[in-house]
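Asker: Task: produce atomic coordinates for the following.
(2 chains)
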There are 2 protein chains.
Amino acid sequence: MFHTTPALTRQLSAMSSSIRFNPMFHRDSVPGNRDSSSSATSAQQAPEYAKVLRTETGLNKALQDMQYAVRGELVLRAHKLSHRLENGEKLPFSEVTYCNIGNPQSVGQNPVSFLRQSIAAVAYPSLLESEHFSSDIIKRAETFLERCKSVGAYSESKGVDFVRKRVAKAIEERDGYASDPDLIFLSNGASDAVKSILQITIRHSEDGVLIPIPQYPLYSATLTALSGRQVGYYLDEEHGWALSIDELKKSLNEARKQGTQVRAIVVINPGNPTGQVLSEENMKDIISFCEAENLVLMADEVYQNNVYVENKPFVSFKKVVCDMQSSVELASFHSISKGVIGECGLRGGYVELYNTEHEMNELLNKVCSISLCSNLIGQYAVDLMMTPPKEDEESFALYKKETDGIYNDLRIKAQKLCEGLNSLEGVTCNDSEGAMYLFPQIRIPRKAIEEAKNRGYTCADVLYCMELLEETGICVVPGSGFGQREGTYHFRTTFLPTREKIDHVVEGIRTFHDRFLRRYS
Amino acid sequence: MFHTTPALTRQLSAMSSSIRFNPMFHRDSVPGNRDSSSSATSAQQAPEYAKVLRTETGLNKALQDMQYAVRGELVLRAHKLSHRLENGEKLPFSEVTYCNIGNPQSVGQNPVSFLRQSIAAVAYPSLLESEHFSSDIIKRAETFLERCKSVGAYSESKGVDFVRKRVAKAIEERDGYASDPDLIFLSNGASDAVKSILQITIRHSEDGVLIPIPQYPLYSATLTALSGRQVGYYLDEEHGWALSIDELKKSLNEARKQGTQVRAIVVINPGNPTGQVLSEENMKDIISFCEAENLVLMADEVYQNNVYVENKPFVSFKKVVCDMQSSVELASFHSISKGVIGECGLRGGYVELYNTEHEMNELLNKVCSISLCSNLIGQYAVDLMMTPPKEDEESFALYKKETDGIYNDLRIKAQKLCEGLNSLEGVTCNDSEGAMYLFPQIRIPRKAIEEAKNRGYTCADVLYCMELLEETGICVVPGSGFGQREGTYHFRTTFLPTREKIDHVVEGIRTFHDRFLRRYS
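Answerer: Below you'll find the predicted structure:
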């Protein structure tokens, strides 16, 4: 699965336009641009203004080619249906149930008090004098404000040093290995850090990055935007979405044969949309593969606090790289948007570099500096996530109660939804060992595949998801948005709505699914 | 001033490598990449791992070429000196005075209570029950939370609709013309919005954008990163940094002769680093120029609330475009980082599109969606900035008192520093009509120019600024970081430190300046 077309097209077009280039008549050869050599000196008699930023020739092609299903067509339709319901219209359902995106607080999850009290305290420090907050919250807010002066001040481009040091210490405690605060870069969510690392890695349109199929579409979209190449490797659905080294080798060799300079591999652990958790053995093999093939390892570990199985505890790639004394360049990502805190809207995250050259670290710092810094409240939230209250601190009891509640809820909902899906005819779904998603495979009748073609959908799973939405109000994302083996069909659903709503989702999908099978059988 | 070299080099290298391309021996021709055709199938016997992300061949060239003086070498040196002082070392000064960056709250400006109370209220809604906040703050917080559910939830990619509607309404009140909330895109500071618009505008390495000289280096850095071309136009220092249409035409024609497809113009009003405020007449001419030459107008208006002269009130480009019934495509930027609130660290901003095609608007929305959304607290702060308390609201009195205080202080400090600079031998400085900066021209003795060359500095103003820092602790940014006419030397200084410190800055620069002239005369 190589989406090289846009990149190649763009490169070829750049080549041909530079061949066409003629300093005397340079504007003539540009389609859609009228010759303005005369108007340049006579603004008053200019002909009519023609839009510059228009589809035909005027917009960056790579960006136009970008796809991002999590917020795509289906979700726009869901928003429209929501609005119609709000306006009192009668539909076959009373509300839209959003299962399309890992956005827990939008579907009823409460924020964790410890985090929000801490944030209110640094936002409006006069509150520190009041009786609202426990002593540990006040103390850390004061220390933070001493170091950053104000959440209204730009910090160092890579983030407040105080926060980076605490993050490093927390990583050390997690892994048992040293972490360098200077190699931690705080960002507006993990997405921004991912984009920066990819931007540095892709030098030209022959560079590629190994990404899983299915994958979180941030990776494919960013590579498309950079005119880089996506080198997909399939996860093994029959074996719980396992990552096979043979499959990696196959994809890599295939890509190299096509002239792709493969520079890095993205591993999402726990998986999105697949929910699998890698074994330590598997991680070692991946690192050995990176060593053998000279690849940067990009470890998307934003779901590290969302593991629901006991036999596969989360182990970071940083730890395994250190265990192996490997020199593989590692960029590992984490975020406040996931875990049990689910603070998506605050936009906090970080990337930790390891084994990278000084020049690389400096370049990333420069890239960060162009946007000045990530938002300070998100930075502080990263600190709060990485260093939660300790047992002897006043805020501990409530923190423990709230976070345990959210975690257990997630685990139970994952199981409930997975069982419900597996009970449907022609649907198989791997357990969610981690993350926030299930990615069931649905066998779609031939008639439905034809109907999807007739309607101009890119894939039959779009038909399935669209009809599910229209008939039940349940919004999930077609598997084709994440990538899947040719001829298979999936969708991604979160298990984030409340327990009662998950019951409703299970029932809604069951009723719809039976109807869908009958309709197209 | 065309920095086409990196872009051209990159393009040529892309061309030559695609000519070299051979599907059978593709890796051989890549310098520094060992042939791994064997290792691909035998990970266990792999030779040593060679770093992928290293300077010679491994890092995105355009990013390496990027320059960003506001956080460059001089500032790093200033941080080092700060650390040495903190560690008790004796230096010729007792503290570093940061005048390098428009970061008011880092140098003592207090946050505005209305903003911070409002933010604390939405961050920890339990506070709404307490006695801390006035009724209007509570009411707007409740309305906001009703619409976005939680500041911990992702919003629509372009921002919470409630905020966009209020921003549109505020723009309508400012300009007297309709504003479409769907064409307002909230962003993490204005910088991110600027980068997105440039990314969409630059299609390939022959595309260019007109940017002022001197300019805020976000523009040059982003164009370099995109392998686009900077087409500089000089502001007229002798006439208060006026923007001359003849100069625009000259630059444009020169660029077109060199094969550059000039697509847009950046106008910073009030100016950064120059502080000039455009007259409405001048703005009309600029819009006519865009019409005649088919250019997108990018209006950087982040200093619209920082105008210190009475005869030139701020007028938005949106208003003038509407007055003229022009069809010029307009992107205008605003930010919470500047004005009197100076909330840099919260990272809030927006771009309003006008006269743009539907496809352009959709594409920008897609670009936003890859990062999911900008931070919600920054979004709320945009609302608070655009719709401050009304006279009959409880929080108005304090808001008025605080913001008037900050504004008057800025005006007085600007004047004081400007007078001080103009009193120095060989220094001339235009008034700061707006923004947060002064950009004095300094005549540098020939011996100093030679000394700068000997030390390997890119420009003699770096020597001046470096010695100023080492001897007085005052940190300003060399004019060469913003661009200036060949043979002239400047620096940019903010006037943000407290009034007492501004006195100290004036005295410090005076003493240093005399010594500098003597040393190199």
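Asker: CA only for contacts and neighbour counts going forward, please
Answerer: Noted.
Asker: in the stretch 251-400 of chain A, which spans are strands?
Answerer: Counting by DSSP state E, counting those that start in this stretch, the stretch 251-400 of chain A has strands at residues A:261-268, A:296-300, A:330-335, A:349-354.
Asker: export these to TSV and tack on distance to chain B and mean pLDDT?
Answerer: Formatted as TSV, the strands of the stretch 251-400 of chain A follow (distance: least, CA to the nearest CA, whole Å; pLDDT from 0 to 100):
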stretch	distance to chain B	mean pLDDT
strand A:261-268	7	97
strand A:296-300	7	98
strand A:330-335	10	98
strand A:349-354	11	98
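Asker: can I get the ones you listed in a markdown table with mean neighbour count?
Answerer: Listed next are those as a markdown table, based on neighbours: other CA atoms under 10 Å in any protein chain shown:
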| stretch | mean neighbour count |
| --- | --- |
| strand A:261-268 | 24 |
| strand A:296-300 | 25 |
| strand A:330-335 | 27 |
| strand A:349-354 | 26 |
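Asker: Show me which residues of the stretch 351-500 of chain A are close to chain B?
Answerer: A:356-357, A:359-360, A:363, A:366-367, A:369-371, A:373-377 (CA under 8 Å from any CA of the partner chain).
Asker: Which members of these are the farthest-apart pair?
Answerer: Spatial extent of those (CA to CA) is set by the pair A:357 and A:377 at 30.0 Å.
Asker: Comparing the two, which shows the higher neighbour count?
Answerer: residue A:377 (26 against 15; other CA atoms under 10 Å in any protein chain shown).
Asker: domains for chain A, by residue range?
Answerer: Domain assignment for chain A, taken from the TED database, gives A:64-95+A:399-520, A:113-386.
Asker: Please work out which of the ones you listed is packed deepest.
Answerer: Among the domains of chain A, ranked by average contacts under mean count of other CA atoms under 10 Å in any protein chain shown, first place goes to domain A:113-386 (a mean of 22).
Asker: That one: how far from the chain's middle?
Answerer: Centroid displacement of domain A:113-386 relative to its chain, using CA atoms, centre = their mean, to the nearest Å, is 11 Å.
Asker: ok, now stretch A:465-474?
Answerer: 24 Å.
Asker: CA-only coordinates of that stretch, as PDB, when you get a sec.
Answerer: Listed next in PDB are the C-alpha coordinates belonging to stretch A:465-474 (Å, rounded to 0.1, in the frame of the first residue of the first chain):
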ATOM      1  CA  CYS A 465     -21.200   3.500   9.100                       C
ATOM      2  CA  MET A 466     -23.400   6.000   7.300                       C
ATOM      3  CA  GLU A 467     -26.500   3.900   7.500                       C
ATOM      4  CA  LEU A 468     -25.700   3.100  11.200                       C
ATOM      5  CA  LEU A 469     -25.500   6.800  11.800                       C
ATOM      6  CA  GLU A 470     -28.700   7.700   9.900                       C
ATOM      7  CA  GLU A 471     -30.700   4.900  11.600                       C
ATOM      8  CA  THR A 472     -29.400   4.900  15.200                       C
ATOM      9  CA  GLY A 473     -27.400   8.100  15.700                       C
ATOM     10  CA  ILE A 474     -24.300   6.100  16.600                       C
END
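Asker: ok, and what's touching it?
Answerer: A:74, A:78, A:92-99, A:475-478, A:491, A:505, A:508-509, A:512 (CA atoms under 8 Å, 6 or more residues apart in numbering or on different chains).
Asker: Which members of those residues occur in strands, if any?
Answerer: A:97-98, A:475, A:477-478, A:491 (DSSP state E).
Asker: could you measure residue A:94 against chain B, distance?
Answerer: Distance, residue A:94 to chain B, using CA to the nearest CA, to the nearest Å: 19 Å.
Asker: scratch that, residue A:67 is what I was asking about
Answerer: Counting by CA to the nearest CA, the gap from residue A:67 to chain B is 8 Å.
Asker: next one: residue A:145
Answerer: 11 Å.
Asker: Could you name the helices and strands sitting against the helix or strand harbouring that residue?
Answerer: Following DSSP states H and E, the helix or strand that holds residue A:145 is helix A:135-148. Where contact means 3 or more CA pairs under 8 Å, 6 or more residues apart in numbering or on different chains; DSSP states H and E, helix A:135-148 is packed against helix A:113-123, helix A:161-175.
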